[in-house]
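K.L.:
Sequence plus predicted model, see below.
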Amino acid sequence: MQKTQLTLIASAILSLTLAQAAQASSHREAPNVTRSPTVDSTDFYAFNSYEEGRGEYVTLIANYIPLQDAYGGPNYFAMDPAAIYAIHIDNDGDAVEDMSFTFNFNQSLPNDNAGVALMVGPEGAQKSVGVPLKNVGGVSAGDQTNANFMENYTVNLVTGPMRTGTSASVMNDTSGGVSFGKPLDYIGNKTFASAEQYKAYADSFVYSATIPGCDSPAKIFVGQRKDAFTVNLGKVFDLVNFVPVEGDSAPGAGDAGGFPGGITQSADNDDLADKNVTSIAIEVPKSCLIGSGNGSIGAWTTASLPQARILNPNASFDNTEVNGGAMTQVSRLGSPLVNELVIGLADKDTFSSAAPKDDGQFADYVTHPTLPELLNILFKDAVNTTLGAEIETLAPTNFPRTDLITAFLTGFEGVNQLSIVTPSEMLRLNTDIEAKEAAMQSPFGVAGDDLAGFPNGRRPGDDVVDIALRVVMGRLCYPIPVNGTDTDLGLCAPEDASVGNVPFTDGAPSNASMMETSFPYLAMPLPGSGTE
């Protein structure tokens with residue numbers, strides 16, 4: 001068999017198996033971090049840039065602060081000044097970061113943190129009184145004097161392990177300094193006049209930046225964006241409160257020719273359709289990421305807080321607590337929904353604080369995944385009744401799931417396996433695989449004959465949900481189309497997965513047309529209000 005065909009087969013395996021851990025956007029993924037939404041990572045993306053003329057770059061996006069309602073004022077959604085937000089890169093495969101981009105935020109008010117004040121009262125009895133809002137009038141790219149709140153941040157490149165490596169500042173090419181600005185959230189169209197005006201305002205916070213040791217400039221943006229992920233979130237976590245099988249003969253056919261009572265594709269099934277997130281985005285030349293490795297990288301994001309936080313009993317702006325002690329990781333995300341739907345409840349906080357090199361402790365969750373068993377409990381009787389069948393179990397019976405270990409924790413040789421193979425959870429990207437322009441992307445990534453998509457990294461328009469549901473129930477035990485030819489992967493047999501060829505779906509479609517075609521790629525955030 002030719003090497004190219006082997007690569008495509010491996011790609012198909014990887015696409016389908018990694019998705020088993022990627023059923024939705026990673027919102028509120030562990031008990032402890034739900035109490036600190038500012039450091040709760042929602043999604044992580046790593047992909048070869050597909051903006052025209054940017055083919056030699058990789059874009060990395062870490063989203064935080066989940067489930068933002070656009071109208072959530074008056075204080076909206078600021079980052080935590082005490083936290084360190086980081087995007088990590090392993091470029092040799094030892095499951096230890098070789099470089100990290102760390103982001104530290106600060107906040108301020110005009111007038112030495114006194115804020116904007118208005119003169120209130122009659123002449124002779126006036127008082128200067130601070131306003132309660134984050135702006136006191138219209139704000140635009142050309143005039144930000146009415147803003148009553150500002151966030152800035154610095155970016156450092158840490159070479160070596162983040163806690164012990166060498167740190168150097170990433171420089172703002174516009175100002176020549178080390179500080180970058182974050183735009184106000186999309187308060188509404190009375191503040192920003194229109195969506196076009198907010199876009200121009202937000203675009204003014206896209207910076208060219210110089211990374212130490214990197215010959216070409218990077219791009220950086222931090223700000224509010226529309227949540228890129230689509231998922232039937234509420235019903236999924238209500239014990240899958242719908243029939244998760246395609247109800248049409250083909251997605252979108254509208255003919256009710258699929259599974260009786262099955263769900264059909266509709267934007268109405270997307271519970272995140274009205275939600276925003278806060279994105280940390282950086283576009284870096286490939287040559288600056290790959291180090292001495294083989295061109296594939298592993299990537300993930302973390303957020304850390306000081307061990308001790310003592311509240312100020314007489315709090316004031318930017319003086320609400322005293323923080324001390326070692327920085328402690330409280331959030332971690334590589335592939336989506338690993339913590340939500342793979343890791344057991346008792347170990348979720350452990351996973352949030354763990355490093356990839358220590359992921360062997362979670363191996364049982366991959367070799368013996370519980371989600372198929374839960375789906376079997378929930379749906380076996382109903383399926384047998386509907387079909388008039390006597391299926392003994394809906395869950396795959398091939399144990400241990402060594403196929404999932406290979407795909408989920410090591411990657412595949414010739415696709416996105418790093419030069420050293422260390423079983424660990426991270427998003428793996430082959431930087432040598434050419435990006436596809438948005439119009440040519442398949443939302444099913446590698447499984448859709450698109451090697452530039454998930455799980456070879458992850459693009460914002462990649463739809464991992466439907467693939468995930470099918471893999472959970474044993475799709476890999478049946479022949480997989482590779483270059484139009486059904487190919488038996490030899491990982492398991494059809495008799496190991498009674499419903500492995502069923503078109504499972506959550507009914508919430510996603511694709512690249514919902515995104516922008518240039519950095520930072522994620523769509524504009526939703527406004528808090530329309531025009532008054």
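P.N.:
Received, thanks.

K.L.:
What residues are recorded as beta-bridge partners of Thr102?
P.N.:
Ala86, Asn156 (DSSP bridges).

K.L.:
What distance do you get for it to Arg163?
P.N.:
11 Å (CB to CB, to the nearest Å). For the C-beta atoms, the positions are set from N, CA and C on the backbone; glycine is no exception.

K.L.:
In terms of neighbours, single out the busier of these two.
P.N.:
Taking other CB atoms under 10 Å, Thr102 and Arg163 do not tie; Thr102 has more neighbours (21 against 12).

K.L.:
My read is that Asp90 contacts Asp98, right?
P.N.:
Yes. With contact defined as CB atoms under 8 Å, Asp90 and Asp98 form a contacting pair (5.9 Å).

K.L.:
So which of these two has more stuff around it?
P.N.:
Using other CB under 10 Å as the criterion, Asp90 and Asp98 rank with Asp90 on top: 26 against 23.

K.L.:
helices or strands up against the helix or strand hosting Phe47?
P.N.:
Using DSSP states H and E, Phe47 sits within strand 41-48. Using 3 or more CB pairs under 8 Å, 6 or more residues apart in numbering; DSSP states H and E, the elements in contact with strand 41-48 are strand 57-69, strand 296-316, strand 319-333, strand 427-430.

K.L.:
do you know how far the spatially closest residue to Thr264 that is not a sequence neighbour is from Pro260?
P.N.:
Distance criterion CB to CB, 6 or more residues apart in numbering; nearest residue to Thr264, sequence neighbours excluded, is Gly247 at 4.5 Å. Gly247 sits 8 Å away from Pro260, going by CB to CB.

K.L.:
do the same with Ser296
P.N.:
From Ser296 to Pro260 the distance is 44 Å (CB to CB).

K.L.:
cool, and Ala202?
P.N.:
Distance from Ala202 to Pro260, by CB to CB: 47 Å.

K.L.:
Ok, Leu526 next?
P.N.:
36 Å.

K.L.:
higher neighbour count, the two?
P.N.:
Taking neighbours as other CB under 10 Å, Leu526 and Pro260 compare with Leu526 leading, 20 against 10.

K.L.:
On the three-state scheme, the more buried one is what?
P.N.:
The local conformation at Leu526, judged by DSSP: H, G, I helix; E, B strand; the rest coil, is coil.

K.L.:
contacting residues for it?
P.N.:
Leu526 sits next to 70, 186, 226, 274-276 when contact means CB atoms under 8 Å, 6 or more residues apart in numbering.

K.L.:
Also Ala508?
P.N.:
Contacts of Ala508 by CB under 8 Å, 6+ apart are 230-232, 265-267, 269-271, 465.

K.L.:
From the residues you listed, which land in helices?
P.N.:
Using DSSP state H, the members of the contacts of Ala508 that fall in helices are Val465.

K.L.:
buried subset of the contacts of Ala508?
P.N.:
230-232, 265, 269-271, 465 (16 or more other CB atoms under 10 Å).

K.L.:
just those residues now: which is nearest Lys182?
P.N.:
Set against Lys182, the nearest of the buried ones among the contacts of Ala508 by CB to CB is Thr230 (25.8 Å).

K.L.:
Turn the contacts of Ala508 into TSV, including distance to Pro494 and pLDDT.
P.N.:
Output for the contacts of Ala508, formatted as TSV (distance: CB to CB, whole Å; pLDDT from 0 to 100):
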residue	distance to Pro494	pLDDT
Thr230	31	91
Val231	29	92
Asn232	28	93
Gln265	27	94
Ser266	31	96
Ala267	34	94
Asn269	30	96
Asp270	33	95
Asp271	34	94
Val465	24	78
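
K.L.:
Where does pLDDT dip in the stretch 351-500 of the chain?
P.N.:
403, 482-484 (pLDDT under 70).

K.L.:
ranges for the strands of it?
P.N.:
427-430, 480-482, 485-487 (DSSP state E, counting those that start in this stretch).

K.L.:
can you check the stretch 201-350 of the chain too?
P.N.:
Going by DSSP E, counting those that start in this stretch, the stretch 201-350 of the chain shows strands at 207-210, 218-226, 275-285, 296-316, 319-333.

K.L.:
closest to Val139 out of these?
P.N.:
Across the strands of the stretch 201-350 of the chain, closest to Val139 is strand 218-226 (CB to CB), at 13.3 Å.

K.L.:
Report the inter-axis angle for that closest one versus strand 275-285.
P.N.:
Here strand 218-226 runs at an angle of 170 degrees relative to strand 275-285 (axes from the mean of the first three to the mean of the last three CA atoms, to 10 degrees).

K.L.:
any idea of the mean pLDDT for strand 218-226?
P.N.:
Mean per-residue pLDDT for strand 218-226: 98.

K.L.:
In terms of secondary structure, what does that strand contact?
P.N.:
In terms of contacts (3+ CB pairs under 8 Å, 6+ apart), strand 218-226 is packed against strand 179-182, strand 207-210, strand 275-285.

K.L.:
Next, the residues that contact it from outside, please.
P.N.:
Residues contacting strand 218-226 (CB under 8 Å, 6+ apart): 63, 68, 77, 79, 103, 153, 155, 170, 180, 182-183, 185-186, 202, 205-211, 275-285, 288, 519-520, 522-526.

K.L.:
Equivalent analysis for stretch 110-117, please.
P.N.:
Stretch 110-117 has contacts (CB under 8 Å, 6+ apart) with 109, 128-131, 136, 146-148, 150, 317-318.

K.L.:
neighbour-wise, which of these leads?
P.N.:
Neighbour max across the contacts of stretch 110-117 (other CB under 10 Å) = Asn148, 20 neighbours.

K.L.:
Assign the most far-flung residue of the chain relative to its centre to helix, strand or coil.
P.N.:
Distance from the centre of the chain peaks at Gly124, with 56.3 Å (CA atoms, centre = their mean). Using three-state DSSP, the secondary structure recorded for Gly124 is coil.

K.L.:
The strand holding Phe47: which residues count as buried?
P.N.:
41-48.

K.L.:
got it, and stretch 494-513?
P.N.:
Quick answer for stretch 494-513 (16+ other CB under 10 Å): 496-500, 502-512.

K.L.:
now stretch 174-186
P.N.:
Here stretch 174-186 shows 180-186 as buried, counting by 16+ other CB under 10 Å.

K.L.:
Quick check, pLDDT for the residue nearest to Met171 when sequence neighbours are not counted.
P.N.:
Leaving aside its chain neighbours, Met171 sits nearest to Thr210 (4.3 Å; criterion: CB to CB, 6+ apart). Looking at Thr210, its pLDDT reads 98.

K.L.:
Over to Gln23?
P.N.:
36.

K.L.:
again with Leu16
P.N.:
So Leu16 comes in at 36 (pLDDT).

K.L.:
how about the helices and strands packed on strand 41-48, which one is nearest Thr385?
P.N.:
strand 57-69 (36.1 Å).

K.L.:
quick one: the closest one to strand 296-316, angle?
P.N.:
Using the same axes, to 10 degrees: strand 57-69 against strand 296-316 is 40 degrees.

K.L.:
In its sheet, which strands sit next to strand 57-69, and in what direction?
P.N.:
Strand pairing for strand 57-69, using DSSP bridges, gives strand 41-48 (antiparallel), strand 275-285 (antiparallel).
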